[in-house]
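1. Based on what follows, work out the 3D shape:
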Amino acid sequence: MWVDKIIRQASDDYIVINDSKTPSGRVHVGSLRGVLIHDALYRELSAQGKPALYIYGIDDYDPMDGLPADADPAIRQYMGMPLCQVPAPAGSSATDMADHYISEFLQIFRELGVAAQTYRMRDVYQGGLFNDVIDTLLNQAPLVREIYAQVSGSHRPDDWYPLQVICEQCGRIGTTQVTGYQHGLVDYQCRPDLVSWAQGCGYHGQISPFDGRAKLPWKLEWAAKWHEFGISIEGAGKDHCTKGGSRDVASAVLRRVLRSQPPVNVPYEFFLVGGAKMSSSKGLGASARTMADLLPPEVLRFLMVRTDPKKAVNFSTDAPYLVKLYNDFDRLLHNMQQTETEQADQRLFASARVTADDLPYAAVNFQLLIALLQIPHLNAEQEVAQRLTAAGYRLTEQDHAQIRARIRSARYWLDHFATDEDKFSIQETLPETAQQLDPAQRYFLHHLAVGLVDTDWHEAAIQTRIFTAARHTPLSQAQAFAAIYQVILGKAQGPKAGALLSFLAADFVLPRLRALPYAPVDFVRQVGISPDQFAQQLTQSQAEMSEIQLEPECYADTAAETSVYYAVAAVRYVCKGKTHIRRLLLGTVHEPDTTARDQMITSMLQRHIVNLFNDIDYVVKATVTCL
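-> The predicted structure is shown next:
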């Protein structure tokens, strides 16, 4: 697993892992990737018996530099102030805006079993923990300016100092510029034109920069955290880890000014939703809360930690992606229940489960749940429990809890993400759209109804019968399923057909399959092929064909002005263990007398058989079937 390579680089006797977040808006799900990457590292260190600590910083002393997407425009008056000093939205129980946004995020930590100890930067600054670092960096301002220029190509003027003071007059921190430092005091001005997103008040003053009256620019704040907290491992998004980027500046300051070594880096790729990067302050992308409501905690953890941090995760809320995600996780659950389990699976499960006490549980197919929840008369939980019990599971309370969790997930998806194509409803009467089905699809439905009469009414048996009816028509699987969906749902797509029909009563399904009339002659004109075409098929698959049976058939064209009958040979054979039927158009006859007509059709069949099956064993039915 990817954690091994990273842990091997950490040589400290006591390993401290750090991550942080600026609560500038509702936290997006991408921020959870860093949280869970670091948590996976902490879990692995703990599993190896190595002393470790995972801490998570709330960067609430950062200035508000943008209006959160869900914020009242009136809050704009606080632009430039520390986030922890901006009022919380109306109706919030939080102490301030930073607390409002981060509280929701930290609740998700608890749901996911994240073991981080949190700290808030307001407490760090106001408690004086960074006083010594601030003093050092201000005294070494020329060297800091040199590092900026050498590492990032960013040139600071000679009167620039690496600090932002909270203005004594207007309370803003994002608009102040320190221009001097001596005798423990800084000279500063609150500039109206320093940044585009906030306007300073123009105040000039002198103040002590310690005990929360000022903060470091975040690149230097990063270095200060590493130095003061003894950080051993801290990753960051790839945008911060580019050459000359934030990470390089912070590392250089740490080495050259604070005389420490930077922690092990874990650069990680973006977590994308539908191919797009997200932003908390701009409200772009799914929120972490939305994702935690959509996915059970162990599935969300699995999503984040199974992929190497160097690879992007491109998440999607569409049905195929979620079904695959659940299937992948369920495969892990299945592997964990085997007598012998691969070590990679054991470690991945250890990183994905919420607590160490969580055990592998009976998995429920997500696609099945989506279907169950859209059939009004069914109790999804009871239906799932019955199916699992019938499959041999002895369900525990944890199993039942996980069933309920997956049902909540499927219901949330249906309510918030499912498209019109994903949703369906059982049509009480034959839908008008079913009239567009062609003769072959109509025949298939009638043929399926006949086969279902003696079929055990459960998903697997019905699904097998559907495939059989499709091969006997013949019809592609896509066309066959579309025919079923049209007559039951009034649309071309739907859930797994065998499951869908098994949820419905046979006395509803069978009449509905027979509801569309069809003309046999139209059917055979559509699916019939010439003997020459079948001969080409024989050339390709003759070695795989067996148990060949031929049955002469007669199809009357009742719409013709004179009696016209299509002579057909129905060829039934087994190929790769499956029975198939093909209908060969032998020609037409105009003989109204049944006996004479049957003799003519039988004669036509015998002539073609000589050419088709001269080296293959076959059986011919004597009587002609009229349709």
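
2. Identify each buried residue in stretch 60-77, please.
-> 60, 61, 62, 63, 64, 65, 66, 67, 68, 71, 75 (16 or more other C-beta atoms under 10 Å). Quick note: C-beta positions are derived from backbone N, CA and C, even for glycine.

3. Quick check: can you list the domain ranges of the protein?
-> In the domain annotation for the chain, the residue ranges read 3-129+221-273, 139-219, 318-416, 432-518, 523-626 (automatic domain parsing).

4. what distance separates the start and the end of the second one?
-> It refers to domain 139-219. 17 Å (C-alpha to C-alpha, to the nearest Å).

5. ok so, going back, now the buried residues of stretch 60-77 in a markdown table, with distance to residue 42?
-> Below are the buried residues of stretch 60-77 laid out as a markdown table (distance: C-beta to C-beta, whole Å):
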| residue | distance to residue 42 |
| --- | --- |
| 60 | 23 |
| 61 | 25 |
| 62 | 25 |
| 63 | 31 |
| 64 | 31 |
| 65 | 31 |
| 66 | 32 |
| 67 | 35 |
| 68 | 30 |
| 71 | 33 |
| 75 | 36 |
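
6. Closest to residue 436 out of those residues?
-> Minimum distance to residue 436 across the buried residues of stretch 60-77 is 49.5 Å, recorded for residue 68 (C-beta to C-beta).

7. Give me the three-state assignment for the closest one.
-> Using DSSP: H, G, I helix; E, B strand; the rest coil as the criterion, the local structure at residue 68 reads coil.

8. Can you report phi and psi for it?
-> phi -60, psi 150 (degrees, to the nearest 10).

9. from memory it sits against residue 25, does it?
-> Yes: under the criterion of C-beta atoms under 8 Å, residue 68 makes contact with residue 25 at 3.7 Å.

10. how about residue 272, secondary structure?
-> Once three-state DSSP is applied, residue 272 turns out strand.

11. List the contacts of it.
-> Residue 272 makes contacts with 30, 278, 312, 313, 314, 315, as judged by C-beta atoms under 8 Å, 6 or more residues apart in numbering.

12. what's around the residue nearest to residue 402 when sequence neighbours are not counted, how many residues?
-> Leaving aside its sequence neighbours, residue 402 sits nearest to residue 361 (C-beta to C-beta, 6 or more residues apart in numbering; 4.6 Å). Residue 361: 22 surrounding residues under other C-beta atoms under 10 Å.

13. Let me see the contact set for residue 361.
-> So residue 361 contacts 333, 396, 398, 399, 402 (C-beta under 8 Å, 6+ apart).

14. Please convert the buried members of the residues you listed into PyMOL selection syntax.
-> Selecting only the buried entries of these in PyMOL, with 16+ other C-beta under 10 Å as the criterion:
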select buried, resi 333+399+402
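
15. Give the residue spans of the protein that score low on pLDDT.
-> 276-285, 542-543, 614-615 (pLDDT under 70).

16. Mind telling me what element residue 177 is part of?
-> strand 176-182 (DSSP states H and E).

17. same deal with residue 247?
-> Taking DSSP H and E as the definition, residue 247 sits inside helix 246-256.
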